[in-house]
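> quick one, structure for this:
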Amino acid sequence: MVITDKSDKRLAHWYHKWNNQYFASELPVDTVLYWEPLTQDDGETCPVYEIDFGKFAIKIDPATMGFPRYWKMTLLHEMAHLKLWPKHPKHQHGKVFEQEMVRLAQAGAFKNLW
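Numbering: from 1, shown residues only. Here you go, the predicted structure:
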């Protein structure tokens, strides 16, 4: 497991655990995960960024820190975007994304979170 020194250790812990458990370790291990206030919250823009070709960052709003169930569901949501990035780039929601979220739910990823 690679955890960059730029990543928040708590976010990185859950990212790597779920990458193994729900994504067959297919997500990039060097994804940077950190808390940062979101400047745009329009329900359309998700905080997954390709910072270099094949290198990603995921931002989670620190306003959710006190609500672990919420930020964990948010992290799973962003991980779904990351999995779909090559075929479903950027932050698209729609049929393909919804199918991935259903797959995660059926796999038990949201157990005790909702």
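
> give me the buried positions along the lowest-mean-pLDDT helix or strand in the chain.
Within the chain, no helix or strand scores below strand 48-52, which has a mean of 80 by mean pLDDT, DSSP states H and E. Applying a neighbour-count criterion of 16 or more other CB atoms under 10 Å, one finds residue 48 buried in strand 48-52. Backbone N, C-alpha and C define where each C-beta goes, glycine included.

> quick one: mean pLDDT over the helix or strand following that strand.
Downstream of strand 48-52, the next assigned helix or strand under DSSP states H and E is strand 55-60. The average of the pLDDT scores along strand 55-60 is 91.

> can you get me a residue count around residue 8?
Around residue 8 there are 18 other residues, counting by other CB atoms under 10 Å.

> contact partners for it?
Taking CB atoms under 8 Å, 6 or more residues apart in numbering, we find residue 8 in contact with 33-35.

> can you pick the most crowded of these?
residue 33 (25 neighbours).

> quick check: phi and psi at it.
phi -120, psi 120 (degrees, to the nearest 10).

> for it, name its beta-bridge partners.
Applying DSSP bridges to residue 33 gives these bridge partners: residue 58.

> any idea of the pLDDT on it?
95.

> residues in contact with it?
7-8, 11-12, 15, 57-58, 60, 75 are the contacts of residue 33 under CB under 8 Å, 6+ apart.

> change it to 10 Å
Residues counted as contacts of residue 33 (CB atoms under 10 Å, 6 or more residues apart in numbering) are 3-4, 6-16, 56-60, 75, 78-79.

> drop anything exposed from those residues.
If we count by 16+ other CB under 10 Å, those have these buried: 3, 7-8, 11-12, 14-16, 56-60, 75, 78-79.

> name the nearest of those residues relative to residue 50.
Nearest to residue 50, judged by CB to CB, of the buried ones among the contacts of residue 33 is residue 56 at 5.7 Å.

> is it true that the closest one touches residue 27?
Yes: between residue 56 and residue 27 there is a contact at 8.4 Å, judged by CB atoms under 10 Å.
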